[in-house]
Structure formats: C-alpha cells, structure tokens
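**Q** Everything below, folded, please.
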Amino acid sequence: MFLQHLDTAFYHYLNEDEPGLRSYDWYLGVFRQRIEHFRQRCAAALEVIQQAIRDGHLVVDVAQQNLFLGTELNNEFVYQSYWNEHGYFVSGLMRKLITLDGLEV
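**A** Sure, this is the predicted structure:
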C-alpha cells in the first residue's frame, strides 16, 4: 500500500507546474484532496472507514454489504484481506489522516 500511495503522489507531482522538493504535508494533502473528491460518490463507504477508525478496528467486515467494491476507495484507502474475503483493511494512511486531522469524511 505504501508504494501505491507513493505512486499516486508521484503522479500528482508530475502534473504540477513547479518542480522541486515536496514536504510530508504536501504528500498528506494529495490524499486529503482525493478523499474530498470521492466524498460525494463514496459517502457511505467513507463513513464506514471513519467509524472503524473511531472504534479502533483495523479491519472492516463486509460480509453483509461491501461498500468498497467498485469504488475508487478500494485498493487505495482500504484493501481486501488475502486471508478473509469478508474483511477489508483500512490503510495506515487513512488512519493517519483521520486521527491527525480529525478529518470528517
């Protein structure tokens, strides 16, 4: 997941006009913008992620309903467990953004 997040941020960097170094805050800002972009289309799924983080859970159970499948959140902010087809892990980055910023998704 970390390498995938770096790839996403690098793509964002390549599409900016100014070359140069970027800070960690810039990196986090890339994903804050992406979350904001997905807010309307994935509101229910984002709420599930936020609730899991509030409850201290690392895995979201999707046995009853999988709100992540087919969304941009899948494999960027949550990813399916290899050992449990009904579980999605919340990425460390998403946990960091929500706890660091008090981000309301």
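**Q** What residues does the residue nearest to the spatial centre of the chain make contact with?
**A** By C-alpha atoms, centre = their mean, the chain has its centre lying nearest to Phe77, at 2.5 Å. Counting by C-beta atoms under 8 Å, 6 or more residues apart in numbering, Phe77 makes contact with Ile35, Ile49, Val90, Ser91, Leu93, Met94. Glycine gets a C-beta too; all of them are placed from N, C-alpha and C.
**Q** per-residue pLDDT, Asp101?
**A** We note a pLDDT of 56 for Asp101 in this prediction.
**Q** again with Glu76
**A** 87.
**Q** tally of neighbours for Ile98?
**A** By other C-beta atoms under 10 Å, 20 other residues sit near Ile98.
**Q** Nearest residue to it in space, please, no chain neighbours.
**A** Ile53 (4.9 Å; C-beta to C-beta, 6 or more residues apart in numbering).
**Q** buried stuff in the host helix or strand of the one you found?
**A** Element membership for Ile53 (DSSP states H and E) is helix 43-54. Within helix 43-54, the residues that count as buried by 16 or more other C-beta atoms under 10 Å are Ala45, Leu46, Val48, Ile49, Gln50, Ala52, Ile53.
**Q** Save the residues you listed as CSV, and put in pLDDT and distance to Glu16 too.
**A** Output for those, formatted as CSV (pLDDT from 0 to 100; distance: C-beta to C-beta, whole Å):
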residue, pLDDT, distance to Glu16
Ala45, 93, 28
Leu46, 91, 26
Val48, 92, 32
Ile49, 92, 27
Gln50, 89, 29
Ala52, 90, 32
Ile53, 89, 29
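**Q** This completes my enquiry, with thanks.
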